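Asker: 3D model of this:
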Amino acid sequence: AMVNRLFLLLLIPAVSLALCPFLHSNNAEEPKTRSMLDEQQLRPSAGYDEAVRALDIQAVKEDLKKLMKESQPWWPADYGNYGPLFVRLAWHCSGSYRVTDGRGGCAGGRQRFDPERSWADNTNLDKARKLLLPLKNKYGLGLSWGDLFILAGTTAIESMGGPTLGFCAGRVDDEDGYWSQELGPTPEQEEYAPCPVNGTCKRPLGTTTIGLIYINPEGPMGQPLPEQSALEVRDVFARMAMNDSETVALIGGGHAFGKTHGACPKGAGPNPKQDPAHPWPGECGTGKALDAFTSGFEGPWTQDPTTWDNTYFTLLRDNDFEVVVGAGGHHQWMVSNATKNKPTAPAAFGKGRQDIMMLTTDYSLLHDPTGEYQKWVAAYADDQDKLNNAFAHAWYKLTTRDMGPVTRCIGPLVPPPQPFQYPLPPPPPAKDLPDFKAVAARVKETIHTAHKTLPPDEYHGAPYYGALFVRLAWQCASTFRTTDYQGGCNGARLRFSPEKDWPINVDLDKALALLAPIQSDFDNLSWADLIVLAGTVALEEASGRAFHFCPGRTDASDGLGSEYVVPMISPDGNVSSANVVSTIRDAVKIMGLSLREFVALTGGGHSLGTKHSTRSGFNGPWTADPTKVDASFFQNLLDNDWDPVTVKSTGKVQFSSREKSGLTMLATDMALKWDPELMAISQQFASDQALFLDTLVSAWTKVMNADRFDGPTHNLCANTAHPSHIELVQ
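Answerer: This next block holds a predicted model:
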């Protein structure tokens, strides 16, 4: 018999069972929280998309080019050019992105806020943002801070002769650092992903060293060990889905520009959090120009730090380097003193020359134990065009990946869809879409017709696949995460590995087989539309409520991208109340749901069907009538006492009612009773069925349509009066 298996337990993309950012800690600083009864994503200012479309991006670029050459006395430009500073600004804003949960990246412009603004790796980037402030004020709403940071870095590369692929506009600015809290160092990060020894941090964190973008450039734990450093480089770049060729191109391409700053060992002084009025004044002399301290290393990488070329790679390959302690007190690598005609660059200020240098992370590219980095160093040293192509694509990926699909990008400089955006084919014209009411009628027929493909559950003497189709649609759509706009059912990637192989998706291939005759009988009926429609029809029939259906999804040809949106909540996880509640809260946050929406979805999904130990490892129904969605789920949950019991055949723990024999709950159901906020919502739904069903209809529609992008803030399905919308109940 079929199982409505873990509609809740199986939901939600992210990374690992971890402690929740919302729980209070013993630290002096309180976590930043928002009421999860409200929307998690900030609503952009009205008219934002339209303002971006009207923005004269070319005019902004011309202003940026002019700004780069206008050195200011309060922060003089190295080599008379702020270009390298803006490259660093854009890189460090983007480089916080991590694939594990989609957090980080430059969308939101959160480098303006703590914790990011006070990271050691972002020392003196407050000066870069100050330089850009007049342009932000000039162009207003249409030029967000996030877009301005990336456009400044991209334009800087172009102005210095470097290759770029394009520019995706549409980063919506956040109003605070809420979405960066789990990046650390914060109480939320300590709860969510603690790192006992900073410098050895593991996934889900995107860096080995909290406060740095990736790793310690001096080497592991500050030790100049290039072989070990190479392994760390590969690890952290993989945490943002970069391969070896992209990693080497980015490092060498980024380090074609500018210099490091470590005039003396005294440091940069207090960070913005420590001294908001006078952050990073610099403890070396004047603290600026020749006296600047940023990273603590000192020197340029190339002989011409404001011109794009591949000399970073030729210098790295063709010279012997030796480790020294630089003026800033850190290990760095200098060309051997035995070398004749040592390569030098012009002094950043005044006359004279300065020796080039490399960081341990640079030098590690020649000492990769796998030998792969060495191949790319040689390739880029020998072929400028190969470097140009690799860097342009890698830079665009670095700065754009957190924007999600290309359908969220705006502007005349958006390049064709890239592989990292997992593009989908365009939908057919609306007039060529199938008659979805006829499709819905076929789905209803299938719900109540037994098939050999998979024996149905039987209720009231009739076969029933409704719970199966709800589960199918939920598992397809609930991979969506609002952190980086990945996942969702558009594309129907659930048909392919890795999603089809996930334990939580057992037997969903058979659900697809049940629907296959319908899919083949209607022209232009995508699997993605059929999956969502099947779940919606089943919920509509069970609840008696009208649901809107928005067609136009198309199908992917593979499952690429799904490896990064793996389910967060596992039915095999710890059933303790603290772990379950904390994991739920973070998962709900990543999905962009409110707690109220989540509770309604739980009640809706777990009103239907039953659990089967041969599939989920659990057994028993949630309600007395598993074909009907009403308030019974919440009434049963709250009115009964529940005892933990072990399913003998699987060893998994579920909860059995003392009062109503046969009814069972999962740990994630019990969380709605254990957590006071979740229980308050459950109590409302238990006593107000109309409120519950209203919320369920809205929340289900939101999840099913979350990935239907029309620019950065608009959704193709937002207008339910549009002719493409179908109200299934007549």
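
Asker: any stretches of the stretch 401-550 of the chain with poor pLDDT?
Answerer: Within the stretch 401-550 of the chain, no stretch has pLDDT under 70.

Asker: helices of that one, start to end?
Answerer: Ranges of helices within the stretch 401-550 of the chain are 436-447, 466-477, 508-521, 527-543, based on DSSP state H, counting those that start in this stretch.

Asker: how big is the angle separating the last one from helix 466-477?
Answerer: It refers to helix 527-543. Relative orientation of helix 527-543 versus helix 466-477 (axes from the mean of the first three to the mean of the last three C-alpha atoms, to 10 degrees): 140 degrees.

Asker: one more: the first one?
Answerer: Helix 436-447 and helix 466-477 meet at an angle of 120 degrees, taking the same axes, to 10 degrees as the criterion.

Asker: low-confidence bits of the protein, can you list those?
Answerer: Scanning the chain for pLDDT under 70 picks out the ranges 1-44, 570-578, 720-730.

Asker: who touches the residue nearest to the spatial centre of it in this structure?
Answerer: A centroid search over the chain (C-alpha atoms, centre = their mean) returns residue 102, at 1.5 Å, as the residue closest to the centre. Residue 102 makes contact with 13-14, 402, 481-486, 564, 590, according to C-beta atoms under 8 Å, 6 or more residues apart in numbering. Heads up, the C-betas are built off the backbone N, CA and C, glycines and all.

Asker: repeat that for residue 135.
Answerer: By C-beta under 8 Å, 6+ apart, the neighbours of residue 135 are 60, 63-64, 67, 143, 148.

Asker: farthest-apart pair in the residues you listed, please.
Answerer: Using C-beta to C-beta, the pair of those lying farthest apart is 67 and 143, separated by 13.5 Å.

Asker: who has more neighbours out of the two?
Answerer: The residue with more neighbours, out of residue 67 and residue 143, is residue 143; 23 against 20, by other C-beta atoms under 10 Å.

Asker: give me the distance between that one and residue 584.
Answerer: According to C-beta to C-beta, to the nearest Å, residue 143 stands 38 Å off from residue 584.

Asker: again, but for residue 356
Answerer: Taking C-beta to C-beta, one finds residue 356 at 52 Å from residue 584.

Asker: before we move on, the earlier item: and of the helices of the stretch 401-550 of the chain, who's closest to residue 171?
Answerer: It is, among the helices of the stretch 401-550 of the chain and with distance given as C-beta to C-beta, helix 466-477, at 24.7 Å.

Asker: helix or strand for the residue sitting furthest away from the middle of the chain, which one?
Answerer: Most distant residue from the mean C-alpha position of the chain: residue 340, 48.7 Å away (C-alpha atoms, centre = their mean). Here residue 340 sits in a region with no helix or strand, counting by DSSP states H and E.

Asker: and it, what is it in contact with?
Answerer: Contacts of residue 340 by C-beta under 8 Å, 6+ apart: none found.

Asker: rewinding a little: pull out the buried members of the contacts of residue 102.
Answerer: Neighbour-count burial (16 or more other C-beta atoms under 10 Å) is assigned, among those, to 13-14, 402, 481-486, 564, 590.

Asker: from these, which is closest to residue 463?
Answerer: Of all these, residue 463 sits closest to residue 13, with 32.4 Å by C-beta to C-beta.

Asker: residue 342 - nearest residue in space that isn't next to it in sequence?
Answerer: Computed as C-beta to C-beta, 6 or more residues apart in numbering, the closest residue to residue 342 that is not its neighbour in sequence is residue 335, at 4.9 Å.

Asker: bridged to the one you found, which residues?
Answerer: residue 321 (DSSP bridges).

Asker: host element of the residue nearest to the centre of the chain?
Answerer: Per DSSP H and E: residue 102 is located in neither a helix nor a strand.

Asker: what do you get for residue 253?
Answerer: Using DSSP H and E, residue 253 falls in helix 244-254.

Asker: if you compare the helices of the stretch 401-550 of the chain, which one is most tucked away?
Answerer: helix 466-477 (a mean of 28; mean count of other C-beta atoms under 10 Å).

Asker: output the contacting helices and strands for that helix.
Answerer: The criterion is 3 or more C-beta pairs under 8 Å, 6 or more residues apart in numbering; DSSP states H and E, and the helices and strands that helix 466-477 contacts are helix 436-447, helix 508-521, helix 527-543, helix 595-605, helix 689-705.

Asker: which one, of these, ends up nearest to residue 198?
Answerer: Taking C-beta to C-beta, helix 595-605 is the member of those nearest to residue 198, at 32.6 Å.
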